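Engineer: whatever this is, show me its structure:
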Amino acid sequence: MFNIFNEDERGQVGIGTLIVFIAMVLVAAIAAGVLVNTAGFLQATAEDAGQESVNKVTNRVEVVNTHGVVDGTNNVIDQINMTVRLAAGSGAVDMNETSIKYLSKENVKTLSNNTANKGVGTGTQFGLSEITDDDGSFGVLNSPSDRYTVVINTDALENTDNGLDTGEQVTLEITSRTGGTTQVMLTMPQQLAGKNDGDPVEL
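Structural biologist: Sure thing, here's the model as predicted:
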């Protein structure tokens, strides 16, 4: 039977053993702290990346309808008008920070919002005007009922200064600040004869 009073069987604890034990505890604590910090950083990064991915998918506009405006003299489309609203599930989209990539057979340009001249499109900018804007926050789509008209001046964008001919195609990519993109492909009508200046035609 073990006798606790037997000096030959007592455990011996020296200062060296104590130092090793304390060092092991410190190393374990430091390692645990590093792991916790790394896990927290990775979690925050993953959340940010996830939110950015969601924004790219959801924060965008939807094109409700489009029509062209006829240049009766040259029998071309010299302006494209699009009605836009927020896409389903989208947060607010600031059209002042939105760009539109214009791609036709002969030209590719990136257009910004023409804030100086409301509703007027140029060779480098698209025009914007409100149809409905409940809270008066013009330039920012922040309600499902908000509707804006986007104006693309094809007469100024094309090198010929004559707009788009019948049968020509144009692709428009509307990209919000967060990266959400809406693509629209339009084909000009095959027949414009008999149309007058300013007549609207469906695209």
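
Engineer: so Met24 is in which element?
Structural biologist: Element membership for Met24, per DSSP states H and E: helix 15-58.

Engineer: any regions of this protein where pLDDT drops low?
Structural biologist: For the chain, the stretches flagged by pLDDT under 70 are 1-13, 42, 44-58, 160-161.

Engineer: mind listing the strands for it?
Structural biologist: Ranges of strands in the chain, per DSSP state E, are 61-71, 76-86, 93-94, 99-103, 108-113, 125-132, 140-141, 147-152, 169-175, 181-187, 200-202.

Engineer: mean neighbour count and distance to Asn159 for these - can I get that in JSON lines?
Structural biologist: Bear in mind the C-beta positions are built from the backbone N, C-alpha and C, glycine included. Below are the strands of the chain laid out as JSON lines (neighbours: other C-beta atoms under 10 Å; distance: least, C-beta to C-beta, whole Å):
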{"stretch": "strand 61-71", "mean neighbour count": "18", "distance to Asn159": "16"}
{"stretch": "strand 76-86", "mean neighbour count": "22", "distance to Asn159": "13"}
{"stretch": "strand 93-94", "mean neighbour count": "21", "distance to Asn159": "31"}
{"stretch": "strand 99-103", "mean neighbour count": "18", "distance to Asn159": "13"}
{"stretch": "strand 108-113", "mean neighbour count": "16", "distance to Asn159": "11"}
{"stretch": "strand 125-132", "mean neighbour count": "18", "distance to Asn159": "18"}
{"stretch": "strand 140-141", "mean neighbour count": "22", "distance to Asn159": "32"}
{"stretch": "strand 147-152", "mean neighbour count": "21", "distance to Asn159": "16"}
{"stretch": "strand 169-175", "mean neighbour count": "18", "distance to Asn159": "14"}
{"stretch": "strand 181-187", "mean neighbour count": "15", "distance to Asn159": "19"}
{"stretch": "strand 200-202", "mean neighbour count": "11", "distance to Asn159": "23"}
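
Engineer: cool, thanks, signing off.
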